[in-house]
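A.B. asks: any chance you can model this:
(2 chains)
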Amino acid sequence: MIDLRLVRDQPDLVRASQAARGESADPVDALLAADRGRRAAVSRADDLRGELKSASGAVRTASPQERPAILERAKELSAAVKAAEADQTAADAALRAAHLAVPNVIEDGAPPGGEADFVTIREVGTIPTIEAPLDHLEIGERLHAIDTERGVKVSGARFYFLTGVGALLELGLLQLAMSQAVAAGFTAMITPSLVGPHIMEGTGFLGSHAPEVYRLEADDLYLTGTSEVALAGYHAGEVLDLSAGPKRYAGWSSCYRREAGSYGKDTRGIIRVHQFNKVEMFVYADPADACEEHLRLLAWEEEMLAKVEVPYRVIDVAAGDLGSSAARKYDCEAWVPSQQTYREVTSTSNCTTYQARRLDVRHRVDGRPQTCATLNGTLATTRWLVAILENHQLPDGSVRVPAALRPYVGGVEVLSP
RNA sequence: GGUGGAGUCGCGUAGUGGCCGAGCGCGCACGCCUCGAAAGCGUGUGACGGUGCAAGCCGUCCGUGGGUUCAAAUCCCACCUCCACCGCCA
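C.D. replies: Below you'll find the predicted structure:
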């Protein structure tokens, strides 16, 4: 949810943000109308309640003769209050619905336009020249590192087993990410993958992402697609002390995604799967520090990418592709030789106060509680194995292991079939 | 899964229909006292919404949501959470 004061005071700023996203300004005007409607309903109910209170007080001090008339008056007021409160409840609900319908106001500088209108900030590393590159599944199968056939047998399409060095490589990658995060001052977290509806709603994943989310009907729980959900919920409803700087968490979790509507896309290998593992950075910060923190998150992602020695580019995601919560988003895309293109391996979002307002996470400024900002960013995921295996493949089908990962695969420099 | 108990203003508690528009203690803040401090004394003490330039004023909040009543922390119903014991179990 965006800051209501911002819409009231600078509606054109919000309308401009909608335009940059390629969306209509109608929800903004609907929000303004709902806000006015609610305030009117609140003051009406307040006034009636005040009258009822004094009438009610008069009931017990009234003389026996006056009593019936006063009681009658109080009953009428009671009914009026009940009606006014119902109106207020309806107005509250209408405001909330209108409020939720407006996505975050984009950060100044975010490129306008749709998915294709991203701006490339930089390209890092050298694209390897590989004669007839094998794709990661081919490599993984030769190394007995990835088994999608049995994944399908056991769980269906888009499931896989990581076996032997494949499993070790993933554990190593995640461990490397966690170690880096902890060294940078993050608190290591292993988070629940199942969360209740209030948290899932609060983080906004039941909006446009709803079809992507697994739901456990019998228990009314949701499987999370990222530890961001649990980490955002971690401090829900709390007032934090951020006087010593941002609260930084690094969450390790398995992530579950239904991948509804992606039939036929990336069906081969482990690029797009229903279950994977991820180390995610999540930060609660003073909104005044959010921009700087966002760039720090990007820098930590790039530090990890440097450790696994794959070429990548950094893109500034266009406004229309930000999702409802993010004000700005930077993706790192690693080079995938078999596809001769870049594929997303990290994504870092500055959600400003949008997510925190929903979850009611605040911090104190001059003793007063204020909504804080939240940010998130990827430090490593199973998908990274695609880039690692493909970029480091050697002509004979073996794979050079980046130095940083060698300790996790028994110290070997090259994985051979 | 079963049975019993409990959820009150940061913490601990009082409170069984109107005097609770929530008391007391602790903690905290400020002031007095003091060379300084402790003790003592006094004052204050949260959140949300509305309104106002502001000081302030008004309203809401006693786990959550309903209900009864002119009036609910208090009575009724449902749910949630915690504690204890029993059963089952990786």
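
A.B. asks: where does chain A dip in pLDDT?
C.D. replies: A:62 (pLDDT under 70).

A.B. asks: hmm, A:Gly202 is touching A:Ala230, no?
C.D. replies: No - using CB atoms under 8 Å, A:Gly202 makes no contact with A:Ala230, being 11.3 Å away. C-beta coordinates here come from the backbone N, C-alpha and C atoms, glycine included.

A.B. asks: what is the helix or strand that contains A:Ala20 packed up against?
C.D. replies: Element membership for A:Ala20 (DSSP states H and E) is helix A:11-21. Here helix A:11-21 touches helix A:4-9, helix A:26-61, going by 3 or more CB pairs under 8 Å, 6 or more residues apart in numbering; DSSP states H and E.

A.B. asks: flag every buried residue along the following helix or strand past the longest one.
C.D. replies: Right, the one you point to is helix A:26-61. The C-terminal neighbour of helix A:26-61 among helices and strands, as given by DSSP H and E, is helix A:67-100. Across helix A:67-100, burial judged by 16 or more other CB atoms under 10 Å covers A:70, A:73-74, A:77, A:80-81, A:84, A:87-88, A:91, A:94-95, A:98-100.

A.B. asks: please identify which of these is nearest to RNA strand B.
C.D. replies: The nearest member of the buried residues of helix A:67-100 to RNA strand B, counting by CB to the nearest atom of the strand, is A:Ala74 at 3.5 Å.

A.B. asks: so who does the closest one touch?
C.D. replies: By CB atoms under 8 Å, 6 or more residues apart in numbering, A:Ala74 lies in contact with A:Leu52, A:Ala55, A:Ser56, A:Ala58, A:Val59.

A.B. asks: how close does the residue nearest in space to the middle of chain A sit to A:Thr191?
C.D. replies: Geometric centre of chain A, nearest residue: A:Glu228, 5.5 Å, by CA atoms, centre = their mean. Remark: distance between A:Glu228 and A:Thr191 (CB to CB, to the nearest Å) = 9 Å.

A.B. asks: now swap in A:Lys247 and tell me
C.D. replies: 15 Å.

A.B. asks: check A:Ala230 too.
C.D. replies: 4 Å.

A.B. asks: which neighbours do those two share?
C.D. replies: Common neighbours of A:Ala230 and A:Thr191 (CB under 8 Å, 6+ apart) are A:Thr224, A:Gly251, A:Ser253.

A.B. asks: and the closest residue to RNA strand B within the stretch 301-417 of chain A, helix, strand or coil?
C.D. replies: Evaluated by CB to the nearest atom of the strand, the stretch 301-417 of chain A has A:Pro369 as its residue closest to RNA strand B, separated by 4.1 Å. Assigned by DSSP: H, G, I helix; E, B strand; the rest coil, the conformation of A:Pro369 is strand.

A.B. asks: beta partners for it?
C.D. replies: Going by DSSP bridges, A:Pro369 is paired in beta bridges with A:Arg364.

A.B. asks: kindly report the residues of the stretch 101-250 of chain A close to RNA strand B.
C.D. replies: Counting by CB under 7 Å from any atom of the strand, no residue of the stretch 101-250 of chain A lies close to RNA strand B.

A.B. asks: returning to what we had before: pull the contacting residues for the residue of the stretch 301-417 of chain A closest to RNA strand B.
C.D. replies: A:Val239, A:Arg362, A:His363.

A.B. asks: closest one to A:Gly185 out of those residues, please.
C.D. replies: Nearest to A:Gly185 among those is A:His363, at 17.8 Å by CB to CB.

A.B. asks: and A:Arg38, how far from RNA strand B?
C.D. replies: Distance of A:Arg38 to RNA strand B, computed by CB to the nearest atom of the strand, to the nearest Å: 7 Å.

A.B. asks: distance check, that residue against A:Leu31.
C.D. replies: 10 Å.

A.B. asks: now swap in A:Leu134 and tell me
C.D. replies: 53 Å.

A.B. asks: neighbour count for these two, which is higher?
C.D. replies: The residue with more neighbours, out of A:Leu134 and A:Leu31, is A:Leu31; 25 against 19, by other CB atoms under 10 Å.

A.B. asks: that one contacts A:Val102, doesn't it?
C.D. replies: Yes - using CB under 8 Å, A:Leu31 is in contact with A:Val102, at 5.5 Å.

A.B. asks: overlap in contacts, the two.
C.D. replies: Shared contacts of A:Leu31 and A:Val102 (CB under 8 Å, 6+ apart): A:Val7.

A.B. asks: show me the contacts for the residue nearest to the centre of chain A.
C.D. replies: Going by CB under 8 Å, 6+ apart, A:Glu228 touches A:Thr203, A:Gly251, A:Glu280, A:Phe282, A:Asn376.

A.B. asks: three-state assignment of the closest residue to it other than its chain neighbours?
C.D. replies: Closest residue in space to A:Glu228, ignoring its immediate chain neighbours: A:Asn376 at 4.8 Å, by CB to CB, 6 or more residues apart in numbering. The three-state assignment at A:Asn376 reads strand, by three-state DSSP.

A.B. asks: my read: A:Asn376 touches A:Val279, true?
C.D. replies: No - if you go by CB under 8 Å, A:Asn376 and A:Val279 don't touch, sitting 11.6 Å apart.

A.B. asks: then stretch A:147-160 to PDB, C-alphas only?
C.D. replies: Extracted C-alpha coordinates of stretch A:147-160, given in PDB (Å, rounded to 0.1, in the frame of the first residue of the first chain):
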ATOM      1  CA  ASP A 147      18.500 -36.400 -12.900                       C
ATOM      2  CA  THR A 148      15.300 -35.000 -14.400                       C
ATOM      3  CA  GLU A 149      14.000 -38.300 -15.600                       C
ATOM      4  CA  ARG A 150      13.600 -39.600 -12.100                       C
ATOM      5  CA  GLY A 151      12.400 -36.200 -10.900                       C
ATOM      6  CA  VAL A 152       9.500 -36.600 -13.300                       C
ATOM      7  CA  LYS A 153       8.900 -40.200 -12.300                       C
ATOM      8  CA  VAL A 154       8.700 -39.300  -8.600                       C
ATOM      9  CA  SER A 155       7.000 -35.900  -8.700                       C
ATOM     10  CA  GLY A 156       6.100 -34.900 -12.300                       C
ATOM     11  CA  ALA A 157       7.200 -32.300 -14.700                       C
ATOM     12  CA  ARG A 158       9.600 -29.600 -13.600                       C
ATOM     13  CA  PHE A 159      11.000 -31.700 -10.800                       C
ATOM     14  CA  TYR A 160      14.500 -33.100 -10.600                       C
END
